[in-house]
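> Sequence below, structure please.
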Amino acid sequence: MDQTVNQNNQQNEQPEIQLSEILQIRRDKLALLKESGRDPYQQTKYEVTCSAKKIKEEFDSLDGQDVSLAGRMMSRRIMGKASFCDLRDASDRIQLYVKRDDVDASLPEGESIYADFKKWDIGDIIGIEGTVFRTQKGEISVHVKKICLLSKSLLPLPEKFHGLKDTDLRYRQRYVDLIVNPEVKETFTKRSMILRELRAFLDNKGFLEVDTPILTPFEIGASARPFYTHHNTLDMDMVLRIETELYLKRLIVGGMDRVYEVGRIFRNEGMDTKHNPEFTSIELYQAYTDYQGMMDLVEEMMKTVTQKVCGTLQLTYQGKEIDLSKWERLTMVEAVKKYSGIDFDQIKTDEEAIALSKEHHIDLPEVPSKGAILAEFFDAYVEEKLIQPTFIYDYPVEISPLAKRKPDDPAFTERFEYFINATEFGNAFSELNDPIDQRERFEKQVADRKRLDPTTKAQVDYDYITALEYGMPPTGGLGFGIDRLVMLLTDSASIRDVLLFPTMKPLD
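Numbering: from 1, shown residues only. Have a look, this model is predicted:
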């Protein structure tokens, strides 16, 4: 592929370069077609009666039957009065047998259809009518009786034997990636299946799917940094949401006892193999249950969806064997003790925790406290060890502003996260429904943010406090990222492999 041309096209520029000979030839062919009144872009529709995949799967019943197909010509072997070519449609690839005497007819300028066909290019989109048969070599094919050009390809596909290998170019030109790397489409087909099965699981549990605002009136005090935009009519800055939580819990207050949202989330933060500035999450809330109920739901959901999508609970992810049939459950204190030997139950004060952090060369959090330092020890000693599915629960209150405190130990909250392959996959709480406690935590969170960053626009969502004052029942809540789950179930190394159009830095 001429990357120079395509990269300039990505920037919507008119490149001041001389087109290569092959590009000019294709444009000349298009010009001749238009001059002869056969502009391929004028075709408005084409009736398709079958697919390549169906022909292969149901050959016995379709053998000898007439079919109509449309797709992209991926290769061609011209042998005088007959030719073979490969057509790829949305389902699969199939061989076509095109014989001059069977498709021959005169075009307006006297040239034959077969002669015209031989001038078409690899990558052109064609329509054919023909009869299903099997060649002497045993390959299922279609014997073409009618053939036409539906769209002209002005850019050549990547070289046949090497394909589109440059990962950066693949992400920028996903349309080419899908054409020349069929396995890529399988990833996104499986992504669609995963979403469908997740929705089916939750729907069968009595959850109602809802939509909440993407544009919100102000930045909340959470640590995630938002994107800002401006509403012209209202003349006010607005924020792209960093979560769907507070609106969904307003619905719990309103009596919608089981709700979930599949939503796009936006965070103005770093990018790596596990993070993209915009991503898809599912958040769900269930009245009259707690984080233990959410833990049970997660385990059942993961097993159900994985079995339906993959046909097994034993997966291989990037060379590691993952068994989703077995889930370990540890408190954060137990996990830190198991993997570091340090027992935080024996640490009584913030000062002791700070000294311990310095002794073990653990970076202190922005607001050092025993609970926050416990979380730093977890990050340093534990997370990378959690290869098999593991629930880590009972999180410090300092890092859990929306979770309910444990009645028997108010320094901790009824919160869990679950980890697979040393990666956090989801986050759940027994939701805080005490409006007085919630107000205090929100105000402290915003005050801490302003102390660390005096320019922050973070505010307390007092309307949410008002909602809680009307009374929210005991509620379990869960949020998890779709993209990481798709990575796991498709054995994809990077989040960019499971996003059709990941965020990319401009080429200039």
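> Longest strand in this protein, by number of residues?
Assignment by DSSP state E gives strand 66-79 as the longest strand of the chain.
> Show me what that strand is packed up against.
When contacts are defined as 3 or more CB pairs under 8 Å, 6 or more residues apart in numbering; DSSP states H and E, strand 66-79 packs onto helix 52-57, strand 82-88, strand 125-134, strand 140-151. Every residue, glycine included, has its C-beta placed from N, CA and C.
> how distant is the longest one from the center of its chain?
What that stands for is strand 140-151. A distance of 36 Å separates the centroid of the chain from that of strand 140-151, by CA atoms, centre = their mean, to the nearest Å.
> Quick check: the gap between Asp453 and Ala222.
Separation of Asp453 from Ala222 (CB to CB, to the nearest Å): 13 Å.
> neighbour count winner among the two?
Neighbour count, other CB atoms under 10 Å: between Asp453 and Ala222, Ala222 has more, with 19 against 11.
> dump the residue contacts of that one.
The contact partners of Ala222, by CB atoms under 8 Å, 6 or more residues apart in numbering, come to Ile242, Glu243, Pro401, Gln445.
> Look at it and give its secondary structure.
Classification of Ala222 using DSSP: H, G, I helix; E, B strand; the rest coil returns coil.
> which phi and psi does it have?
phi -60, psi 160 (degrees, to the nearest 10).
> Let me know the pLDDT of it.
Each residue has a pLDDT score; the one for Ala222 is 80.
> ditto for Gly71
pLDDT, Gly71: 97.
> ok so, going back, so can I have a markdown table of the helices and strands packed on strand 66-79 showing mean pLDDT?
Shown next, in a markdown table, are the helices and strands packed on strand 66-79 (pLDDT from 0 to 100):
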| stretch | mean pLDDT |
| --- | --- |
| helix 52-57 | 98 |
| strand 82-88 | 96 |
| strand 125-134 | 97 |
| strand 140-151 | 96 |
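> which residues in the stretch 401-508 of the chain form strands?
405-406, 409-420, 423-430, 475-481 (DSSP state E, counting those that start in this stretch).
> Tell me where the model's unsure across the chain.
For the chain, the stretches with pLDDT under 70 are 1-19, 106-111, 160-165.
> out of the strands of the stretch 401-508 of the chain, deepest packed?
Comparing these by mean neighbour count (mean count of other CB atoms under 10 Å), strand 475-481 comes out on top with a mean of 23.
> name the helices or strands packed onto it?
helix 245-253, strand 278-287, helix 291-310, strand 423-430.
> What angle do strand 475-481 and the third one make with each other?
Yep, that's helix 291-310 we're talking about. Angle, helix 291-310 to strand 475-481, by axes from the mean of the first three to the mean of the last three CA atoms, to 10 degrees: 40 degrees.
> after helix 291-310 comes which helix or strand?
strand 314-317 (DSSP states H and E).
> and that next one, C-alpha only, in CSV?
Output of strand 314-317 as CSV, limited to C-alpha atoms (Å, rounded to 0.1, in the frame of the first residue of the first chain):
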residue,chain,number,x,y,z
GLN,A,314,-10.4,-23.0,30.5
LEU,A,315,-8.8,-20.2,28.5
THR,A,316,-5.4,-19.5,27.1
TYR,A,317,-4.5,-15.8,27.3
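> if we can go back for a sec, TSV for the strands of the stretch 401-508 of the chain, including distance to Thr503?
What follows is those, written out as TSV (distance: least, CB to CB, whole Å):
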stretch	distance to Thr503
strand 405-406	38
strand 409-420	24
strand 423-430	20
strand 475-481	15
